[in-house]
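**Student:** make a model of this:
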Amino acid sequence: MLAAGLLMPAISVSRMAVFEQQYSLIQAVIAYWSEDQFALFGLVLVFTVLIPASKVLVGAWAWLAGRNRPAFARRMLRVLAAVSRWSMLDVFIVALTVLVVDGRILDSADIHVGIVLFAAAAVASTLATQRLNRA
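**Tutor:** Okay, here's the model as predicted:
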């Protein structure tokens with residue numbers, strides 16, 4: 001779900017109701033870089049790509065390797081639980097981007113299936129982390 005949410009169209013920006021361009025979340029990150037908006041690039045990259053991907057990878061590792069090294073897996077799951085508290089911040093950043101674009105004169109923004117999948121992946125990874133912590 002996370003990969004699909006990052007790669008599928010997530011937002012479309014219309015200008016003067018004539019020109020419309022769709023972006024996936026990955027394309028939005030790249031667009032921030034190419035427009036020299038490095039602070040936004042870094043913020044969106046960290047909270048939209050790096051943290052969610054690392055949550056999935058660490059969770060999968062803890063699930064697979066936890067049988068052999070349970071104490072270390074529990075420590076990693078505590079770290080993952082702390083990071084999961086920030087998991088909806090990535091969805092908030094996307095929503096904030098839509099609001100900023102929508103506030104411009106003659107511009108509008110709409111969300112697409114990529115945002116839905118991305119939000120579902122954030123919720124699913126949080127639920128998976130909670131379940132692993134109970135195991």
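**Student:** and the spatially most distant residue from the centre of the chain, how close does it get to residue 57?
**Tutor:** In the chain, counting by CA atoms, centre = their mean, residue 68 sits farthest out from the average C-alpha position, at 30.6 Å. Taking CB to CB, to the nearest Å as the measure, residue 68 falls 17 Å from residue 57. The way it works is simple: take the backbone N, C-alpha and C, and place the C-beta from them, glycine included.
**Student:** repeat for residue 3
**Tutor:** Taken as CB to CB, the span from residue 3 to residue 57 is 12 Å.
**Student:** so these two - more neighbours on which side?
**Tutor:** For residue 3 versus residue 57, neighbours defined as other CB atoms under 10 Å are more numerous around residue 3 (13 against 10).
**Student:** what does the helix or strand that that one is a member of contact?
**Tutor:** Here residue 3 sits within helix 2-7, counting by DSSP states H and E. The contact list for helix 2-7, computed with CB atoms under 8 Å, 6 or more residues apart in numbering, reads 24-26, 48-49, 52-53, 56, 114-121, 125.
**Student:** drop anything exposed from those residues.
**Tutor:** 24-26, 48-49, 52, 56, 114-115, 117-119, 121, 125 (16 or more other CB atoms under 10 Å).
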